[in-house]
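1. quick one, what's the 3D model for this:
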Amino acid sequence: MENARNNAAKSLLKKRKLRATPARTELLDVVQSYGTAIPYTKIQEKLADTDRITLYRTLNVFLEKGILHKAYTSGEETYYAVCGENCTAHEHRHNHVHFKCTVCENVTCEKTEGEIRIDLPGFEVETVGVFLTGVCGGCL
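-> This next block holds a predicted model:
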């Protein structure tokens with residue numbers, strides 16, 4: 001399973017025209033294997049041997065290249081999730097909402113039935129971000 005995930009990470013990096021360095025593949029592995037959006041503090045904890053500046057730069061490259069997106073930010077904590085196939089280096093296309101459970105504090109990307117659109121007369125809306133909080137199905 002780990003080898004398949006590593007190959008998928010290398011393939012994704014190649015698709016985004018990035019070298020598959022150990023720091024990049026390890027970061028992707030940590031985010032992908034977490035199960036929900038992962039808080040930055042957990043990333044730091046799991047990659048304790050990685051230089052903090054390298055980690056910061058790698059996260060920013062992944063955001064810029066459409067590999068990761070910020071799923072939720074609250075106070076000092078930012079949660080990261082893997083982007084879908086529709087994201088590119090030029091545009092993040094997410095047709096989902098971000099949900100944070102107030103009990104377990106997990107943040108998940110939840111698909112919506114239809115496209116999320118907001119028409120604002122006199123403005124050109126480029127992206128829409130929806131953040132919801134409540135109790136997830138596992139905590140009900």
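
2. dihedrals phi and psi, Glu26?
-> Here is the backbone geometry of Glu26 (degrees, to the nearest 10): phi -70, psi -40.

3. that one: how many residues sit nearby?
-> 18 (other CB atoms under 10 Å). To be clear about C-beta, it is placed using only N, CA and C from the backbone, and glycine gets the same treatment.

4. quickly list what Cys101 is bridged to.
-> Gly134 (DSSP bridges).

5. my read: it touches Leu132, true?
-> No - the pair Cys101 / Leu132 is not scored as a contact, 9.9 Å apart, by CB atoms under 8 Å.

6. where does pLDDT dip in the protein?
-> 1-5, 84-95 (pLDDT under 70).

7. can you give me the helices for it?
-> For the chain, the helices defined by DSSP state H occupy 2-15, 22-33, 40-46, 52-64.

8. more crowded one of Cys101 and Leu132?
-> More crowded of Cys101 and Leu132, by other CB under 10 Å: Cys101, with 19 against 12.

9. which residues touch the more buried one?
-> By CB atoms under 8 Å, 6 or more residues apart in numbering, Cys101 lies in contact with Val107, Thr108, Thr133, Gly134, Val135, Cys136, Gly138, Cys139.

10. report the two of those residues separated the most.
-> Using CB to CB, the pair of the contacts of Cys101 lying farthest apart is Thr133 and Gly138, separated by 15.0 Å.

11. ok, these two, which is more surrounded?
-> More crowded of Thr133 and Gly138, by other CB under 10 Å: Thr133, with 13 against 9.

12. now that one: how far from Ser74?
-> As judged by CB to CB, to the nearest Å, Thr133 and Ser74 stand 9 Å apart.

13. find residues that contact each of those two.
-> Lys100.

14. how far away is Gly75 from Asp51?
-> Applying CB to CB to Gly75 and Asp51 gives a distance of 25 Å.

15. quickly list what the spatially most central residue of the chain is bridged to.
-> Residue closest to the average C-alpha location in the chain (CA atoms, centre = their mean): Ala81, at 1.9 Å. Note on Ala81: beta-bridge partners by DSSP bridges are His69.

16. wait, what's in contact with it?
-> By CB under 8 Å, 6+ apart, Ala81 lies in contact with Val31, Thr36, Ala37, Ile38, Leu68, His69, Ala71, Val107, Cys109.
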